[in-house]
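Asker: structural data only, the sequence is not supplied:
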């Protein structure tokens, strides 16, 4: 028997959640997923980095195909949108315009896929700026499962404030980094810090998909560090979702899709003490895990949003058992 009955409208998306002692069933959060898609020139190569790919074999086309397979079945269940970078309407390879290409809403799979048909890879990889704009766009609504998924094939760059020395060159021709163009330098620290701020301050988790074979261990480490900073890293190495084949890309997108759509919940009562809640699946208590590999953790405590990870997430996906909790208030 429930200790407290909460009215259906007690959990408004834009309202903080009060602390009410008692036991409650949790509500599966409405999922809002924003893809942040790398459209740089290197996306027009094969997965192993060769130029002039056969039809249908470029990273750009394989990503489109993977998204088509992964998203169509969830078209009416997850509100999806997309931000592509760099922008194509301005002939300058590092520009990222404000706003997004596709506003997040249900039934958006075809609109996202159409951008692939209507545009082509070009320019640099201004990942940090694109992520910031996308995060700002989805941060206006709280109390939903807001998630960013960045799909990129290369090292971030395009930071004109980056010092030219030392410089880890991201150009295919290392001689291009002659000290005159800082935008060609690896923008690692800035990009990782941007991802961390999005996850920690804006409470929007970030998944990272690395498309194709990263050119060096240095670049792969950046993707790893981005995934860890985003709060949705894989528990094993590599920590990002590595998609070096089309089947690996399909697996990565399906895993992220299922996690976003099935494992984020809203509680109608949120304690001020983050540990003053016991989370249960079908009456069995699961532990809190702040590393976000097993168990549960808060996504946005003030708005009553929490997520399940690892085996806990898989169990709910396969059984659809009730997720509930006991809240204690000071």
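Answerer: Nice, thanks for sending it over. Please read these numbers as outputs of a predicted model, since none were measured by experiment.
Asker: okay, now the unreliable bits of the chain?
Answerer: 1-14, 89-92, 213-215 (pLDDT under 70).
Asker: which stretches of it form helices?
Answerer: Using DSSP state H, the helices of the chain run over 59-71, 109-118, 127-138, 188-200, 217-229, 246-262, 310-319.
Asker: next, format those as TSV and append mean neighbour count.
Answerer: Just so you know, the C-beta spots here come from the backbone N, C-alpha and C atoms, and that holds for glycine as well. Output for these, formatted as TSV (neighbours: other C-beta atoms under 10 Å):
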stretch	mean neighbour count
helix 59-71	21
helix 109-118	15
helix 127-138	23
helix 188-200	20
helix 217-229	20
helix 246-262	19
helix 310-319	16
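Asker: do you know which of those helices lies nearest residue 95?
Answerer: helix 127-138 (8.9 Å; C-beta to C-beta).
Asker: got a list of contacts for that closest one?
Answerer: 32, 34, 36, 38, 81, 83, 85-86, 96, 98-100, 104, 146, 148, 150, 152, 156, 158-159, 187, 190-191, 194-195, 198, 202, 204, 206 (C-beta atoms under 8 Å, 6 or more residues apart in numbering).
Asker: quick one, strands of this structure?
Answerer: Applying DSSP state E to the chain gives strands spanning 22-25, 27-28, 31-38, 78-85, 102-105, 145-152, 206-211, 241-243, 264-266, 277-281, 284-286, 295-300, 305-309, 323-327.
Asker: make TSV from those and add mean neighbour count and distance to residue 136 to it.
Answerer: Putting those into TSV (neighbours: other C-beta atoms under 10 Å; distance: least, C-beta to C-beta, whole Å) gives the following:
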stretch	mean neighbour count	distance to residue 136
strand 22-25	17	32
strand 27-28	15	26
strand 31-38	25	11
strand 78-85	24	10
strand 102-105	17	13
strand 145-152	27	11
strand 206-211	27	13
strand 241-243	24	24
strand 264-266	23	20
strand 277-281	20	30
strand 284-286	13	33
strand 295-300	22	16
strand 305-309	24	19
strand 323-327	20	30
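Asker: what residues of stretch 167-181 count as buried?
Answerer: 167-170, 177 (16 or more other C-beta atoms under 10 Å).
Asker: which of those residues sits closest to residue 318?
Answerer: residue 170 (41.7 Å).
Asker: so who does that closest one touch?
Answerer: If you count contacts by C-beta under 8 Å, 6+ apart, residue 170 has them with 125, 154-157, 184-186, 219.
Asker: nearest to residue 64, of the strands of the chain?
Answerer: strand 31-38 (9.5 Å).
Asker: what sits up against the closest one?
Answerer: 63, 67, 77-85, 100, 104, 112, 115, 125, 127, 130-131, 134, 137-138, 141, 144-154, 211, 257, 260-261, 264.
Asker: partners of it in the sheet?
Answerer: Strand pairing for strand 31-38, using DSSP bridges, gives strand 78-85 (parallel), strand 145-152 (parallel).
Asker: tell me how far residue 271 lies from residue 202.
Answerer: Counting by C-beta to C-beta, to the nearest Å, the gap from residue 271 to residue 202 is 22 Å.
Asker: to clarify, my last question referred to residue 135.
Answerer: Per C-beta to C-beta, residue 135 is found 5 Å from residue 202.
Asker: would you list the strands paired with strand 31-38 in JSON lines and tack on distance to residue 119?
Answerer: Compiled in JSON lines, those are given as follows (distance: least, C-beta to C-beta, whole Å):
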{"stretch": "strand 78-85", "distance to residue 119": "7"}
{"stretch": "strand 145-152", "distance to residue 119": "15"}
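Asker: and the residue lying closest to residue 88 once chain neighbours are set aside, how far from residue 239?
Answerer: Distances taken as C-beta to C-beta, 6 or more residues apart in numbering place residue 119 nearest to residue 88, at 5.1 Å, with adjacent residues excluded. From residue 119 across to residue 239, the span is 30 Å (C-beta to C-beta).
Asker: more neighbours: which of these two?
Answerer: Taking other C-beta atoms under 10 Å, residue 119 and residue 239 do not tie; residue 239 has more neighbours (20 against 15).
Asker: how many other residues sit next to residue 52?
Answerer: Neighbours of residue 52 under the rule other C-beta under 10 Å: 9.
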